[in-house]
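Asker: just the structure for this:
(2 chains)
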Amino acid sequence: MAKGRLSGLLPPYLMSAPALVLYLALLGTPMVMTFVLSFHAFDFNKGILPGFSFDNYWEVLSDSYFHEIFLRTFGLALIVTFICVVIGTPEAYILSRMKNPWRSIFLVVILGPLLISVIVRTLGWAMLIGANGVISTTLKSAGLIENSIQLMFTFTGMVIALVHVLVPFMVISVWAALQKLDPSVEHAGLSLGASQFTVLRRIVLPQVMPGILSGSMIVFALTASAFATPSIIGGRRLKVVATTAYDEFLNTLNWPLGATIAVLLLIANVVIIFSYNRLIEKRYAQVFE
Amino acid sequence: MKTNGIPALIFHGLFVAFILAPLVVICLVAFTDKGYMSLPTDGFSLRWFEAILENQDFIDAFWVSLYIALGSATIALIVSVPVALAVVRYRFPGREGLTAFFLSPLMIPHVVLGVSFLRFFTEIGFTGTMIGLVLTHVIIVMPYALRLVLASTAGLDRDAEKAALSLGATGWTVFRRITVPLILPGVAGGWVLAFITSFDELTMTVFVASPSTTTLPVRMYHHIAQTVDPLIASISAVLIFVTLLLMIVLDRIYGLDKILIGKG
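Answerer: Reported below is the predicted structural model:
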């Protein structure tokens, strides 16, 4: 061989170099700076003070105001994920049993909204569920209710809008798992006398479980860090972690505290993603072989 | 192939209605002839579409979003293609780690990215510049672009390249005449997905945009925080329509289902 081992290794690194430089400068540096910022102190008159202390972390972790926000965010993520599993899984199964062209059409109808801005989709819900919204006025003029229904600025409203924004991710994951399913196993179960329900429970469900798990991980992580929908539907009163970080940065201007909330959100996110992945790989290792 | 029963089809109908309801409502309200938010029950009107043209800040924001999306999608693709080729062609130490690193922005909440970019740009005195915004969007859209390019390079037929080389073609000719045409659908699909992702981005941008570099989603967000009116509905309706057009284009060049599944 004329070429040495070393020169053979050079091209892949050179090819990755531009992206690597970009990432180190524009992702690595800002993340490290934010991490450092979270240890700085803040004074409303003097601004950000240099130094190193865990005071911000202590404040977030001990103040009941922040407890409420973190608990609300966690509860919201749990409920949204649960509803997405309950409605997204059967929908993916129904889609997989459709014949083309209907299957392709509905796949696009259900997944297509992912390409439409979250702000537009949230706006649609604001128009539907507000006190003067379409649902309320329609029900009132039909004489079904007397007072207008107000779901804007409520927890229920946030749940509905977030399920709408995120359920396509659930459908995608379960859909991908269903593609690996061998339909002949289902037929075998049926022809051996199992009921439709038994086949679903004993054959289909165990095999799509990895899809349900990875879908719920995506939905959970995205709900926990959602900003636009909780901000518009939840308003100022129902704060979540992401909107709190926004307020600390752009309204209160307490950047070190905002950075602390951001760091905690990132850590929670990464921990959840990694433990989910561990769980899926451990339990369903054979599925991926 | 088993077919769906009646209960399954009813469930499916409700599900599709749930998905489409907010989008349909926006498109209907956009055609109202009233000065407030209402369904066009007694007459369709285009007045709120005309009103868009009189709102210069929304038009400015549209151009800002367009430039940022064009710039960031293009840069993301230019740096993604060599990475994808390196990962597919070579076995080198750190190969998996590097790929994971390039996909890592997918794991970082956009709020955290927004906070970090704001801090970074303030420190280096780069706040609210157009170039700064484009570069932050590159970080956001690159994982999506890279995934589609990786998928297209993974299926690359190496025999065709080897055949061309053995027949005396130079490395550059092989790249230009064989590699590029083979990965082009993936690259084009990745570019459009990156473009859409950048154009729609709100959460990170809301931290780093200045009054002169306000993008359309940020402008819309600030507007909705104040008031929900038919103007914002007509702007959203235009966005929905343009996205539909882009979806048709995507379907032609790459296959919409493949791209949408890659989004997850």
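Asker: who's in contact with the residue in the stretch 101-250 of chain B that chain A sits nearest to?
Answerer: Among the residues of the stretch 101-250 of chain B, B:Pro109 lies nearest to chain A; the distance is 3.2 Å by Cβ to the nearest Cβ. All C-beta atoms are positioned from the backbone trio N, CA, C, and that covers glycine. B:Pro109 makes contact with A:221, A:224-225, A:242, A:262, A:265-266, A:269, B:203, according to Cβ atoms under 8 Å, 6 or more residues apart in numbering or on different chains.
Asker: 6 Å instead?
Answerer: A:225, A:265, A:269 (Cβ atoms under 6 Å, 6 or more residues apart in numbering or on different chains).
Asker: and if you look at A:Ser231?
Answerer: A:Ser231 touches A:Thr243, counting by Cβ under 6 Å, 6+ apart.
Asker: may I have the phi/psi pair for it?
Answerer: phi -70, psi -40 (degrees, to the nearest 10).
Asker: for A:Phe42, pull up the helix or strand it's in.
Answerer: strand A:41-43 (DSSP states H and E).
Asker: adjacent strands (with direction) for that strand?
Answerer: strand A:47-49 (antiparallel) (DSSP bridges).
Asker: residues making contact with the partner strand?
Answerer: Residues contacting strand A:47-49 (Cβ under 6 Å, 6+ apart): A:40-43, A:255.
Asker: which helix or strand contains the most centrally placed residue in chain A?
Answerer: Most central in chain A under Cα atoms, centre = their mean is A:Leu222, positioned 1.6 Å from the mean C-alpha point. Element membership of A:Leu222, judged by DSSP H and E, is helix A:205-224.
Asker: who's in contact with that helix?
Answerer: A:73, A:77, A:80-81, A:84-85, A:89, A:162, A:166, A:169-170, A:173-174, A:176-178, A:181, A:269, A:272, A:276, A:280, A:284, A:287.
Asker: give me every residue that touches A:Cys84.
Answerer: A:163, A:167, A:170, A:219.
Asker: which residues touch whichever residue of chain B sits closest to chain A?
Answerer: Relative to chain A, the nearest point of chain B is B:Pro22 (2.4 Å; Cβ to the nearest Cβ). Listed by Cβ under 6 Å, 6+ apart, the contact set of B:Pro22 reads A:121, A:124-125, A:128.
Asker: make CSV out of those and add neighbour count and distance to chain B.
Answerer: Shown next, in CSV, are the contacts of B:Pro22 (neighbours: other Cβ atoms under 10 Å in any protein chain shown; distance: Cβ to the nearest Cβ, whole Å):
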residue, neighbour count, distance to chain B
A:Arg121, 22, 6
A:Gly124, 26, 2
A:Trp125, 27, 5
A:Leu128, 24, 6
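Asker: can you redo those residues as CSV with distance to A:Leu61, secondary structure and pLDDT?
Answerer: Below are those laid out as CSV (distance: Cβ to Cβ, whole Å; DSSP: H, G, I helix; E, B strand; the rest coil; pLDDT from 0 to 100):
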residue, distance to A:Leu61, secondary structure, pLDDT
A:Arg121, 34, helix, 96
A:Gly124, 37, helix, 95
A:Trp125, 33, helix, 95
A:Leu128, 38, helix, 91
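Asker: returning to that earlier point: narrow the contacts of A:Cys84 to those in helices?
Answerer: A:163, A:167, A:170, A:219 (DSSP state H).
Asker: quick one: the second one and A:Thr89 touch, right?
Answerer: No: with contact defined as Cβ atoms under 6 Å, A:Val167 does not count as touching A:Thr89 (10.2 Å).
Asker: hmm, the lengthiest helix in chain B touching chain A?
Answerer: Identified as the longest helix of chain B according to DSSP H is helix B:56-89. Yes: applying Cβ under 6 Å from any Cβ of the partner chain, one finds that helix B:56-89 is in contact with chain A at B:79, B:82-83, B:86.
Asker: buried subset of those?
Answerer: Burial by neighbour count, 16 or more other Cβ atoms under 10 Å in any protein chain shown: within these this picks out B:79, B:82-83, B:86.
Asker: of the contacts of B:Pro109, just the buried ones, PyMOL syntax please.
Answerer: Here is the PyMOL command that selects the buried residues among the contacts of B:Pro109 (16+ other Cβ under 10 Å):
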select buried, chain A and resi 225+265+269
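Asker: low pLDDT regions in chain A?
Answerer: A:1-9, A:285-289 (pLDDT under 70).
Asker: go on, the stretch 1-150 of chain B?
Answerer: Using pLDDT under 70, the stretch 1-150 of chain B drops low at B:1-2.
Asker: try 90 this time
Answerer: Within the stretch 1-150 of chain B, the stretches with pLDDT under 90 are B:1-5, B:32-47, B:88-95, B:125-128, B:148.
Asker: can you list the residues of it near chain A?
Answerer: So the stretch 1-150 of chain B meets chain A at B:2, B:4, B:8, B:12, B:15, B:19, B:22-23, B:25-26, B:29, B:79, B:82-83, B:86, B:90, B:92, B:98, B:107, B:109, B:111-112, B:115-117, B:119-120, B:135, B:139 (Cβ under 6 Å from any Cβ).
Asker: out of these, which are buried?
Answerer: Judged by 16+ other Cβ under 10 Å, buried ones among those: B:4, B:8, B:12, B:15, B:19, B:22-23, B:25-26, B:29, B:79, B:82-83, B:86, B:90, B:92, B:98, B:107, B:109, B:111-112, B:115-117, B:119-120, B:135, B:139.
Asker: on that earlier part again, and the residue of the stretch 101-250 of chain B closest to chain A, backbone torsions?
Answerer: Main-chain torsions, B:Pro109, degrees, to the nearest 10: phi -60, psi 140.
Asker: show the subsequent helix or strand relative to the longest helix along chain A.
Answerer: Longest helix in chain A by number of residues (criterion: DSSP H): helix A:64-96. Sequence-wise, the next helix or strand downstream of helix A:64-96 (DSSP H and E) is helix A:102-111.
Asker: got a list of contacts for that next one?
Answerer: A:95, A:168, A:171, B:19, B:256-257, B:260.
Asker: ok, those vs B:Thr197, which is closest?
Answerer: B:Leu260 (12.4 Å; Cβ to Cβ).
Asker: ok, the closest one - contacts?
Answerer: By Cβ under 6 Å, 6+ apart, the neighbours of B:Leu260 are A:Leu111.
Asker: please, which helix or strand holds it?
Answerer: Using DSSP H and E, B:Leu260 falls in helix B:256-263.
Asker: now that helix: mean pLDDT?
Answerer: Taken as a whole, helix B:256-263 has a mean pLDDT of 71.
Asker: what about A:Val167, distance to A:Ile218?
Answerer: Using Cβ to Cβ, to the nearest Å, A:Val167 is found at 11 Å from A:Ile218.
Asker: ugh, typo on my part, it should be B:Thr179
Answerer: With Cβ to Cβ as the criterion, B:Thr179 and A:Ile218 are 33 Å apart.
Asker: A:Val199 now?
Answerer: 27 Å.
Asker: A:Ser148 belongs to a strand, doesn't it?
Answerer: No: under DSSP: H, G, I helix; E, B strand; the rest coil, A:Ser148 sits outside any strand and is assigned coil.
Asker: hang on, it packs against A:Thr137?
Answerer: No: in this structure, A:Ser148 is not within contact of A:Thr137 by Cβ under 6 Å, at 7.5 Å.
Asker: A:Val167 and A:Ile218 - which one has more neighbours?
Answerer: Neighbours per residue, other Cβ atoms under 10 Å in any protein chain shown: of A:Val167 and A:Ile218, the larger number sits with A:Val167, 24 against 20.
Asker: next one: the more buried one from chain B, what distance?
Answerer: A:Val167 sits 8 Å away from chain B when distances are taken as Cβ to the nearest Cβ, to the nearest Å.
Asker: list the contacts of that residue.
Answerer: A:84, A:88.
Asker: and the one 4 residues further on, by the same measure?
Answerer: With contact set as Cβ under 6 Å, 6+ apart, A:Val171 has these partners: A:88, A:91-92, A:110.
Asker: most neighbours, which of the residues you listed?
Answerer: A:Gly88 (29 neighbours).
Asker: that one against A:Phe169, yeah?
Answerer: No: counting by Cβ under 6 Å, A:Gly88 does not reach A:Phe169; the two are 8.2 Å apart.
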